[in-house]
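# Predicted coordinates and the sequence they were generated for:
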Amino acid sequence: MSTVETLTLDSDLTLPPMLAANARRTRGASLGAMLFEAQMSDVASFEFAGGTVAVFTTRSPQKETANEDVAALWPVGPASGVLAVADGLGGHAGGERASRLAAEAVQESLQQAIPALNDGEAAALRSAILNGLEAANHSVRELGTGAATTMALVEIQDRTVRPYHVGDSAILVMGQRGKVKFQSIPHSPIGYAVEAGLMKEEEAIHHEARHVISNVIGSNQMRIEIGPPIELAPRDTLLLASDGLFDNLLPDEIVDKVRRGPLEEAVCELVQVAQQRMETPQGQTPSKPDDLTVIAYRAR
């Protein structure tokens, strides 16, 4: 794995040696934070929020500029934390800056909420996330370049997860037997058409307007969609990903590959298939080169 960008790292977060060697500790930090945005060659897996998390991010195989995706992990307590995937838009430098700014804004909001979180105020985490997303929108708009970013974000509190999203980065919760317990709806005309039953996933993945997005961080009309609280059963899997995954695999394929087996191996298989399809189009198989980011989580 190449360089892993790490802002602050709480001493309670256990990392494997490969990651720990790249981690930079900040003295006195009360919130551990990891932002993965550099080119990774392997999936990273470690303990997080009372479970296991696997993370991967890389740039598109068809470009040499920076990865515009960011994967963010913020541990809040022994069994709680926040996961997020941001996918920048607006050109290489603009997209990269927008996704990074959004992650930093959420992190700052979580940091400010530490006293309330330490007092056990469950609602404080939701408020911090919403305030962070609003601050992210302000920061990205302040760039004045037209850049924007999506963000899919999930809070974890004692085996209960709650999704939030802006744009078309996706969130899935699935059971070990393949039942989809939650799937976010992309904020796009094509996403709404699929949800309404007007278009099948197999048609949508090839549609020329698939990436017309109606809601982004960086817009004066940004809105935050909040999903329901979902209690994770044993072996349930939570997945967040940028459209680099969902442009190259159908949801049914993703569920089938990630719902069972060791989490790190499942994410490795997802990544391998997505990268193969990006690099070698075959017939009607989906194929769209793009930055690729995946976070998967299972509670113990």
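Now that the structure is in, tell me what you want to look at.
# What is the neighbour count of the nearest residue to Y164 once chain neighbours are set aside?
Excluding its sequence neighbours, the residue lying closest to Y164 (CB to CB, 6 or more residues apart in numbering) is L153, at 4.6 Å. The C-beta positions use only the backbone N, C-alpha and C, and glycine is treated the same way. L153 has 26 neighbouring residues, counting by other CB atoms under 10 Å.
# In contact with L153, which residues?
When contacts are counted by CB atoms under 8 Å, 6 or more residues apart in numbering, L153 touches V82, L83, A84, V85, V106, I129, L133, P163, Y164, H165, L240.
# 7 Å instead?
L153 sits next to V82, A84, I129, Y164, H165 when contact means CB atoms under 7 Å, 6 or more residues apart in numbering.
# My reading is that the third one lies in a strand. Confirm?
Right, I129. No - I129 is assigned helix when assessed by DSSP: H, G, I helix; E, B strand; the rest coil, not a strand.
# Make CSV out of the contacts of L153 and add pLDDT.
Formatted as CSV, these follow (pLDDT from 0 to 100):
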residue, pLDDT
V82, 97
A84, 98
I129, 97
Y164, 98
H165, 98
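# Check these against R259 and report the nearest one.
H165 (21.1 Å; CB to CB).
# Which residue is the nearest non-sequential neighbour of that closest one?
Once flanking residues are discounted, H165 sits nearest to A152: 4.5 Å by CB to CB, 6+ apart.
# re earlier: if the residue nearest to Y164 is in a bridge, with which residues?
Going by DSSP bridges, L153 is paired in beta bridges with A84, Y164.
# What segments of the stretch 1-150 of the chain are strands?
Under the criterion DSSP state E, counting those that start in this stretch, strands of the stretch 1-150 of the chain are mapped to 34-36, 44-48, 51-58, 69-77, 80-89, 148-157.
# and of the ones you listed, who's closest to A266?
Smallest distance to A266 across these (CB to CB): 7.6 Å, for strand 51-58.
# From R162, how far off is the residue lying closest to A71 once chain neighbours are set aside?
Distances taken as CB to CB, 6+ apart put F36 closest to A71, at 4.2 Å, once the chain neighbours are dropped. Per CB to CB, to the nearest Å, F36 is found 22 Å from R162.
# Give me the more crowded residue out of those two.
Taking neighbours as other CB under 10 Å, F36 and R162 compare with F36 leading, 26 against 18.
# so that one makes contact with A54?
No - counting by CB atoms under 7 Å, F36 does not reach A54; the two are 11.4 Å apart.
# So which residues of the protein form helices?
All helices of the chain, identified by DSSP state H, fall at 17-20, 92-112, 114-118, 122-143, 189-195, 201-204, 243-246, 251-258, 263-279.
# Alpha carbons of the third one, as PDB, please.
Taking C-alpha atoms only, helix 114-118 is exported to PDB below (Å, rounded to 0.1, in the frame of the first residue of the first chain):
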ATOM      1  CA  ILE A 114     -16.700  15.600  21.900                       C
ATOM      2  CA  PRO A 115     -17.900  17.000  25.300                       C
ATOM      3  CA  ALA A 116     -21.500  16.100  24.600                       C
ATOM      4  CA  LEU A 117     -20.600  12.700  23.200                       C
ATOM      5  CA  ASN A 118     -18.500  11.900  26.200                       C
END
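# which residues are in contact with stretch 241-249?
69, 85, 87, 168-170, 205, 254, 270, 273-274, 277-278, 286-288, 290-294.
# out of the residues you listed, which are buried?
Buried subset of the contacts of stretch 241-249 (neighbour count, 16 or more other CB atoms under 10 Å): 69, 85, 87, 168-170, 205, 254, 270, 273-274, 277-278, 286-288, 290-294.
# ok, back up a step: now render the helices of the chain as CSV, adding distance to R223.
As requested, the helices of the chain are exported to CSV (distance: least, CB to CB, whole Å):
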stretch, distance to R223
helix 17-20, 35
helix 92-112, 15
helix 114-118, 25
helix 122-143, 10
helix 189-195, 14
helix 201-204, 22
helix 243-246, 19
helix 251-258, 23
helix 263-279, 29
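# from those helices, which stretch is densest packed?
helix 243-246 (a mean of 25; mean count of other CB atoms under 10 Å).
# Off-centre distance for that one?
Offset of helix 243-246 from its chain centre (CA atoms, centre = their mean, to the nearest Å): 11 Å.
# and A266, what does it touch?
Contacts of A266 (CB under 7 Å, 6+ apart): K257, V258, A296.
# rerun at 6 Å
Contacts for A266 were tallied using CB atoms under 6 Å, 6 or more residues apart in numbering; they are V258.
# Look up how far G227 lies from it.
22 Å.
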